[in-house]
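In: Let me see the structure of the following:
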Amino acid sequence: MSSQRGAESLGAPSASSTSASTRGPSWRLAWLVPAAVALLLGLDAGLLLLGVPAPLTTERLPNVHGMLLVLGFVGTLIALERATALGRWWGFVAPALLGLGGILLVTSAVPLTVGKAVLVAGAAAFMLVYVPLWRRQYDAPLLVQLLGAALGLCGAIIWLVEDGMARVVPWLIGFVVLTIAAERVELAHITMGPRAGGVLLGHAWGVTGSLVVGLVMPDAGAILLGISLLSLCGWLIRHDIARRTIRSTGVTRYMAACILAGYAWLTVAGIVLLLGDPSGHQPAYDAVTHSIFLGYTFSMIMAHATTILPAVLHISLPYRPAFWGPIALLQLALVVRLWLGDALGLTLGWQIGGGLGVAALLLFAATAIVSALLGAPGGKASRASNTDLGIGPGIRTGRDTGTGAGTGRSSSTARQGDAATDGGTP
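Out: A predicted model of the protein is given here:
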């Protein structure tokens, strides 16, 4: 590693650290349009399911709420980041299909089956993106991400052949939990140690096995899934640097708080699953799905947005204290929804909590847009250390080395190559 790269990995500004904001947004920004549409429509569908006024009302929206948010939005985001790491034009087919599939789900002129089929194609393309990434770097976190993508594909296929979500949700849980956990281990591999990948892979097979058991014995599968999630979460909390950096300041503390909040909600979901298959009990089902898909997933997205999005989209997205507002509101929303709504059975509490959750995500999007438009405070680059953030040093990929293949280097262009180039926290 050159001295320049070493300085950049510690967050020191360099000539390349300012280039992301001066060269203008990447064409990849267009891939966020269908993802943003899926997010807005998914939130609208959530309001309809809560029984409160919503801006848009269609017959399909309530039935596709989960898929819009999990595959249409989150799936497109992750696929775009992975396609950026791959650096091949065909890799962007995956986020394009996932985004298109999300839009087709709510297009009344198109049969719902067509939208489902496009999502299946997008999930399959997403899984294939990991194959060349795996050939570049044979490590366990990448294998776990590949396994997570396969679980997402299984969920999409199940949804293609049946209308209900009860048998689909466990596979989507496996997809988001394994993908995010693997990326967290990949980012924090220096602080977690060389054995982290193997331990993560063992947990991943435990999650996968529980899903297979759940196909024939739903209660047993749910209990096994709960045990697997609690074991994985306990291990992550014990070894993640966020447990120490929460005592820091600025963006470092913000990221740590978001990460630990995500782990807390994953723990809640694991505990509820120990009671058995939640699909037949609405409060338990609501608690599990929103603890994972809202509490765990979106807390992690909020944690890493200021490092991943600038690398993928070539935009400046500096941290500001205002980012604390959305993450705090999200935690409040979940407490109100799960405690007053699900646990105490208060419909009003359930509706208020759900509405606050929608407001938290919209507030985060607005905060990110305003922060990007305003640029870095005072025009200065962030000095936060990548190691302090728990994302390791910059590791070059094919684009950085000029080989175009990235052989022998990390596949994490968006997080470890571009993020380091941009000074870690633009």
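
In: Now do the longest helix seen in the chain, average pLDDT.
Out: In the chain, assigned by DSSP state H, the helix with the most residues is helix 347-374. Mean per-residue pLDDT for helix 347-374: 95.

In: buried ones in that helix?
Out: 349-358, 360-361, 363-365, 367-368, 371-372 (16 or more other C-beta atoms under 10 Å). Glycine gets a C-beta too; all of them are placed from N, C-alpha and C.

In: and the residue nearest to Phe293 when sequence neighbours are not counted, what does it touch?
Out: Residue nearest to Phe293 in three dimensions, not counting chain neighbours: Val70, with 6.1 Å by C-beta to C-beta, 6 or more residues apart in numbering. Contacts for Val70 (C-beta atoms under 8 Å, 6 or more residues apart in numbering) come out as 172, 175-176, 293.

In: would you turn the residues you listed into CSV with distance to Leu236 and pLDDT?
Out: Shown next, in CSV, are the contacts of Val70 (distance: C-beta to C-beta, whole Å; pLDDT from 0 to 100):
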residue, distance to Leu236, pLDDT
Leu172, 20, 97
Phe175, 17, 97
Val176, 14, 97
Phe293, 18, 97
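
In: from the residues you listed, which single one is nearest Ala311?
Out: Using C-beta to C-beta, Val176 comes nearest to Ala311 of the contacts of Val70, at 20.9 Å.

In: Would you check that that closest one makes contact with Phe73?
Out: No - in this structure, Val176 is not within contact of Phe73 by C-beta atoms under 8 Å, at 11.2 Å.

In: Looking at those two, which is more packed in?
Out: Using other C-beta atoms under 10 Å as the criterion, Val176 and Phe73 rank with Phe73 on top: 29 against 23.

In: re earlier: check which helices and strands the longest helix of the chain sits against.
Out: Where contact means 3 or more C-beta pairs under 8 Å, 6 or more residues apart in numbering; DSSP states H and E, helix 347-374 is packed against helix 32-50, helix 297-313, helix 324-335.

In: For the shortest one, what is the distance to the chain centroid?
Out: It refers to helix 324-335. The chain centre lies 17 Å from the centre of helix 324-335; the measure is C-alpha atoms, centre = their mean, to the nearest Å.

In: For that helix, name the packing helices and strands.
Out: Packing partners of helix 324-335 (3+ C-beta pairs under 8 Å, 6+ apart): helix 250-273, helix 297-313, helix 347-374.

In: cool, and the first one?
Out: In this structure, helix 32-50 makes packing contacts with helix 65-67, helix 76-86, helix 93-105, helix 347-374, judged by 3+ C-beta pairs under 8 Å, 6+ apart.

In: tell me the angle it makes with helix 347-374.
Out: 160 degrees (axes from the mean of the first three to the mean of the last three C-alpha atoms, to 10 degrees).

In: Check what contacts helix 32-50 and list those residues.
Out: 53-57, 61-62, 64-66, 68-69, 72-73, 76-77, 80, 95-96, 99-100, 102-103, 106, 313, 350-351, 354-355, 357-358, 361-362, 365.

In: Pull out the buried residues from stretch 327-339.
Out: Buried residues in stretch 327-339, counted by 16+ other C-beta under 10 Å: 327, 329-331, 333-334, 336-338.

In: List just the nearest of the residues you listed to Val212.
Out: Using C-beta to C-beta, these come closest to Val212 at Leu338, 28.3 Å.

In: hang on, isn't the closest one packed against Ser291?
Out: Yes - contact criterion C-beta under 8 Å: Leu338 and Ser291 qualify, at 7.0 Å.

In: Which residues are in contact with each of the two?
Out: Contact criterion C-beta under 8 Å, 6+ apart; residues shared by Leu338 and Ser291: Val268.

In: Output the below-cut-off pLDDT ranges for this protein.
Out: Within the chain, the stretches with pLDDT under 70 are 1-24, 190, 378-426.

In: Try it again at 50.
Out: Along the chain, segments meeting pLDDT under 50 span 1-22, 381-426.

In: Now do Leu201 against Arg238, distance only.
Out: Distance of Leu201 to Arg238, computed by C-beta to C-beta, to the nearest Å: 17 Å.

In: Of these two, which one has the most company?
Out: Relative neighbour count places Leu201 above the other of Leu201 and Arg238, with 19 against 9, counting by other C-beta under 10 Å.

In: Phi, psi for the more buried one please.
Out: Main-chain torsions, Leu201, degrees, to the nearest 10: phi -60, psi -40.

In: got a list of what it touches?
Out: With contacts defined as C-beta under 8 Å, 6+ apart, the neighbours of Leu201 are 140, 143-144.

In: re the thing from before, which one of the contacts of Val70 has the most neighbours?
Out: Within the contacts of Val70, Phe175 tops the neighbour count with 29 neighbours, counted by other C-beta under 10 Å.

In: which SS state does Gly276 fall under?
Out: coil (DSSP: H, G, I helix; E, B strand; the rest coil).

In: want to throw the helices and strands packed on helix 347-374 into CSV with distance to Thr191?
Out: Below are these laid out as CSV (distance: least, C-beta to C-beta, whole Å):
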stretch, distance to Thr191
helix 32-50, 30
helix 297-313, 15
helix 324-335, 22
